[in-house]
Structure formats: C-alpha cells, structure tokens
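[1] 3D model of this:
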Amino acid sequence: MVKILTVGWANLDQRYYIETFPPRASRTGVLSYRETIGGPAAVAAVAAARLGAEAHLVSRRGHDATGERLQEMLEVEGVRAHFQLGAATPVSAVLVTPEGERYIFPYRPELPDGLVLGEERLLEGAGALLLDGRWASAGYGLGQAARARGLPVVLDLDRDRDDDWMLTQVATHVVASEELAVQKGGVDALLAQLQALGVFAAVTLGAQGVAYAGGHLPAYPVQVRDTTGAGDVFHGAFTLALAEGQDEVSALRFAAATAALHCAQASPPRRDAVRALLASLP
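    Predicted structure coming up:
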C-alpha cells in the first residue's frame, strides 16, 4: 500500500441542497442536508484512501466537539489524521444548487501556526506529499524534507498569495485553479509562469478538463450531482498516481476520472469505479 501525506486545511462541511438559486428573499427550501469532511488537504486524503492509499493528513482543529466529530469521520474513511489543537474547529456552510454548483461560506478561526509534529516521522515511508497552501509554514518545512528524500511534492495552488507562491519553491508539481489563471492573465500565461519555476504545471478547468504545459485533457462526461470538493479529489488522486510511479499525463487522466465520478456521486469514488470509467473511453 502506497503512503501519501497531505498537509493543510480540514473542516466540517455542512451541505445544504437547496430548491432554487439564488435564494428567495424570505425562505428557500432545503431538499436535503448532510455533514461531510471538508478542506482541500482533508478531502484529498479521503480521496486517496478510497483509492487504496495509506493516507495521512497533517492539519489543525479545535479542542472541541466539532473537532472530535471531524477526527472520527476521518478515521471511518481510513485517513490517519495528525492534528495540532487550537481554539476552534473550522466549519463551512455549503449551498448546493439543483445543477450541482456550490457556494461556500467558511468560518476560519485562528489556529496554531508552527508545526510541532516531527517531520521525519510523518514522512517515513511516504511516496509523495501534497500541500494545499492553507498551512504554509508547516507545508514549507515538510516540503523541504520531502525534496531531500527525492519525493514528488504536489502544490494545490488556487490563491494569489505570497505564502502560496512561497510553496512553489519546494514543489515539483503545481496544479493550479482556473480562478487563479484568470487573475494571472489566462491559462497559458499561468502555465508559462509556473514552467519558469522549474515545476510540472497544470490548470484544472472544471467541465473543460485540465490543461498542462504541452497539452490538454478533456473532462469525462458525467451527470453532475455536486461539484463540492472536486478539485481536492483531483489533487489527491494525482498525488497518489505519482506516488505509484505513473507519468504526469497518466496521473492527470487518472485524477480527472476520479474527480468526474466524485461530481456524479457527490463523494470520492473507489478504485474499481475509476478503472471502469477509464476503460470505457478511448
């Protein structure tokens, strides 16, 4: 079993599947509600675990009932969570429209910054590292240690912030968001900027697939139920594929199939389902 380590944000998502959007001025009915694991690093770890990885998460939570609930949910998914405790656990309200689009309202309390967990112990036996940028100081230190071991270090880059760009210094692969590409002058401009840093670069484009330096892969056609966390699932699957020894384009294809199935079923898929989807299309 391949081990991967994800570092960054974890929170409890409260998902409301609403009747209409935008909401009406008085009340809008909720068709269903559920609590799920949220946060880029946490969702990526869940995705990797469902695909058969030994998934470890390094994150922060509060010393509270919500944090205990989050840790229990991660354990059920087979994710080994290494938490530093702070004042309160992050929570997000997520509105999901009938078309599957989501609108996120995060509550982000102050949490401890410095990593006190041992880097060498966390990385022992790991095949790859994923950073989501939400805990830059911890990610930078673990990224340096991972690079010293010769491991792939994947950065989920979706914000134009100094702390996030700092992490490109320790990354070998950067998967950026379409939103960031818009801010940086377009997909081609962002890919060129990232290539100049000496990393493998890709940009996820939602229903339009994924662009990478030298090519483009289309999205897999599915009936979308919920896009919440699709990018996070993509990053987890991509990181696992690299840890397993797949080349970058194959890893992107594997990640795209995994994310598509996640959108169709509103949760990360198992390995057999991903294999079946990949085998069904040219």
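
[2] drop to CA atoms for contacts and neighbour counts, all remaining ones
    Will do.

[3] all strands of the stretch 101-250 of the chain, in order?
    102-107, 126-131, 153-157, 173-177, 200-204, 210-212, 215-217 (DSSP state E, counting those that start in this stretch).

[4] adding mean pLDDT and distance to His82, write these out as JSON lines.
    Listed next are the strands of the stretch 101-250 of the chain as JSON lines, based on pLDDT from 0 to 100; distance: least, CA to CA, whole Å:
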{"stretch": "strand 102-107", "mean pLDDT": "90", "distance to His82": "21"}
{"stretch": "strand 126-131", "mean pLDDT": "99", "distance to His82": "14"}
{"stretch": "strand 153-157", "mean pLDDT": "99", "distance to His82": "19"}
{"stretch": "strand 173-177", "mean pLDDT": "98", "distance to His82": "24"}
{"stretch": "strand 200-204", "mean pLDDT": "98", "distance to His82": "28"}
{"stretch": "strand 210-212", "mean pLDDT": "98", "distance to His82": "31"}
{"stretch": "strand 215-217", "mean pLDDT": "97", "distance to His82": "35"}
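
[5] okay, those strands in CSV with mean neighbour count and distance to Ala44 next?
    As requested, the strands of the stretch 101-250 of the chain are exported to CSV (neighbours: other CA atoms under 10 Å; distance: least, CA to CA, whole Å):
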stretch, mean neighbour count, distance to Ala44
strand 102-107, 15, 17
strand 126-131, 27, 8
strand 153-157, 27, 10
strand 173-177, 25, 13
strand 200-204, 25, 15
strand 210-212, 23, 17
strand 215-217, 14, 21
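
[6] can I get the ones you listed in TSV with distance to Val224?
    Shown next, in TSV, are these (distance: least, CA to CA, whole Å):
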stretch	distance to Val224
strand 102-107	12
strand 126-131	26
strand 153-157	23
strand 173-177	19
strand 200-204	17
strand 210-212	17
strand 215-217	18
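
[7] wait, which of those strands is closest to Leu115?
    The minimum distance between Leu115 and these falls on strand 126-131, with 13.9 Å, by CA to CA.

[8] minimum distance to Ser137: which of the strands of the stretch 101-250 of the chain has it?
    Of those, nearest to Ser137 by CA to CA is strand 126-131, at 10.7 Å.

[9] CA atoms only for the closest one, dumped as CSV, please.
    Coordinates of each C-alpha in strand 126-131 appear next as CSV, following Å, rounded to 0.1, in the frame of the first residue of the first chain:
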residue,chain,number,x,y,z
ALA,A,126,5.8,8.2,2.1
GLY,A,127,5.7,8.1,-1.6
ALA,A,128,4.5,11.7,-2.2
LEU,A,129,3.5,14.9,-0.4
LEU,A,130,0.5,17.2,-1.2
LEU,A,131,0.3,20.8,0.1
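
[10] name every strand pairing with that strand and say which way it goes.
    Taking DSSP bridges as the criterion, strand 126-131 forms sheet pairs with strand 3-7 (parallel), strand 153-157 (parallel).

[11] distance between the first one and the chain's centre?
    Which is strand 3-7. 11 Å (CA atoms, centre = their mean, to the nearest Å).
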